[in-house]
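J.: I'll drop the sequence and a predicted model, then ask my questions.
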Amino acid sequence: MNIENLLRRLTEPRGISGNEKPVAGLAEEYLKKYCGEVRRDRMGNLLGIRRGGGKLKIMLEAHMDQVGLIVTEIEESGSLKFAAVGGVDPRILPGLRVRIFGGKTITGVIAVDDEAPEKTPEIKNMKIYAGFESRQEAEKLIKVGDFTAFDYETESLLCGNLCSGALDNRAGMAAMLSVLEKLDGKDIGADIYTLFSTQEEVGLRGSYTGAFSIKPDIAVVVDVTHGTTVDSEKDPGVFDLGCGPVILRGPSVDYDLSLGLIEIAKASGIPYKIEAAGGASGTTAWAIQTAGEGVRTVLISVPLRYMHTNVEVVKTADIEAVAELAAAAVEKFAKDGEGE
């Protein structure tokens, strides 16, 4: 599976938290190649099931939503006020081009109000200008509550890096689809459930309901973690692009299975790093672990620079290594019968 080509497809549909249908529709095409059953639930989660005849249920999970904006007011001038959906840093917004999903998709630009203070402006001091000259004109195509996404292109950078928006967490989705390809045709001896969950960026919501419905014995979660930047080189919680899978250790994941991931990486010759979190991981792994009667969960992350912007950057080799580790883990966990 060509990871770069897959990411180019996965990042094109915008799927703001609460309206993930565009990306879910595309992901469904891929899941049908590897799963005998594919369906969506009431939360909009996308679920693929590959029956293996075993008693063990292993769930692969990655969230498919992305951060964005939502229209909150249409002014008399036709300009649009907005709020953030998920964690958006206001510093990146002035001058940004956006897509507004109203009666039709409209391009707009974000500008700072003339009366904004000189310091870094807040979102309340910004507006989207789409060319409308009055509220009446804007209301023909735009409604309060319409979702708005960053406008971006997916571009290849040097040294195997890829720049795009929504790589958090389409990178995780690409890794999971690669896992399914690697396992295709193999007798695993366990049922494999693939969950692409919704609304992670606004409270991990789809992963709670999805895991509750599936009731897996083990969950392998793939998300992104912070990649090293010039201003964060000395921080312990960031990782160089190209370092390979980042394995979480801490109370948000299963102690023994996480150690097992490390052993699998060593045995397979997969380079890796360890991330330690003393509390909540801030990912769907945290939610899945506590769903229903509880789920033995591991988290593997892809290093990503400039998170929650229109220019997120990953190294495709990291995603390939994550997929290799996750696939090996599924086979090992199924063989050992962990979770029974």
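T.: Cool, got the structure.

J.: now the strands for the stretch 1-150 of the chain?
T.: Counting by DSSP state E, counting those that start in this stretch, the stretch 1-150 of the chain has strands at residues 37-40, 46-50, 57-63, 68-74, 80-85, 97-101, 105-112, 126-129, 147-150.

J.: out of these, deepest packed?
T.: Highest mean neighbour count among the strands of the stretch 1-150 of the chain (mean count of other Cβ atoms under 10 Å): strand 57-63, with a mean of 27. Where C-beta positions appear, they are placed from N, C-alpha and C, glycine not excepted.

J.: would a markdown table of the strands of the stretch 1-150 of the chain with mean pLDDT and distance to Arg9 be doable?
T.: Listed next are the strands of the stretch 1-150 of the chain as a markdown table, based on pLDDT from 0 to 100; distance: least, Cβ to Cβ, whole Å:
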| stretch | mean pLDDT | distance to Arg9 |
| --- | --- | --- |
| strand 37-40 | 97 | 17 |
| strand 46-50 | 97 | 15 |
| strand 57-63 | 98 | 15 |
| strand 68-74 | 98 | 19 |
| strand 80-85 | 98 | 23 |
| strand 97-101 | 97 | 17 |
| strand 105-112 | 96 | 18 |
| strand 126-129 | 97 | 27 |
| strand 147-150 | 97 | 16 |
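
J.: could you export those as CSV, including distance to Leu259?
T.: Converted to CSV, the strands of the stretch 1-150 of the chain look like this (distance: least, Cβ to Cβ, whole Å):
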stretch, distance to Leu259
strand 37-40, 33
strand 46-50, 27
strand 57-63, 18
strand 68-74, 38
strand 80-85, 37
strand 97-101, 44
strand 105-112, 46
strand 126-129, 47
strand 147-150, 39
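
J.: of these, which is nearest Val222?
T.: strand 57-63 (4.9 Å; Cβ to Cβ).

J.: partner strands of the closest one and their direction?
T.: strand 191-197 (parallel), strand 218-226 (parallel) (DSSP bridges).

J.: distance to Leu257 and mean pLDDT for those strands - can I get that in TSV?
T.: Shown next, in TSV, are these (distance: least, Cβ to Cβ, whole Å; pLDDT from 0 to 100):
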stretch	distance to Leu257	mean pLDDT
strand 191-197	16	98
strand 218-226	7	98
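
J.: could I get those as JSON lines with distance to Val71 and mean neighbour count?
T.: As requested, these are arranged in JSON lines below (distance: least, Cβ to Cβ, whole Å; neighbours: other Cβ atoms under 10 Å):
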{"stretch": "strand 191-197", "distance to Val71": "25", "mean neighbour count": "27"}
{"stretch": "strand 218-226", "distance to Val71": "27", "mean neighbour count": "26"}
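
J.: for Asn125, find the nearest of those.
T.: Per Cβ to Cβ, nearest to Asn125 of the strands paired with strand 57-63: strand 218-226, 27.6 Å.

J.: and the helix or strand just after that closest one, what other elements does it pack with?
T.: Per DSSP states H and E, strand 218-226 leads on to strand 246-249 as the next helix or strand towards the C-terminus. Identification of packing neighbours for strand 246-249 by 3 or more Cβ pairs under 8 Å, 6 or more residues apart in numbering; DSSP states H and E yields helix 255-268, strand 273-276, strand 296-304.

J.: repeat that with 6 Å
T.: Helices and strands touching strand 246-249, as assessed by 3 or more Cβ pairs under 6 Å, 6 or more residues apart in numbering; DSSP states H and E, comprise strand 273-276.
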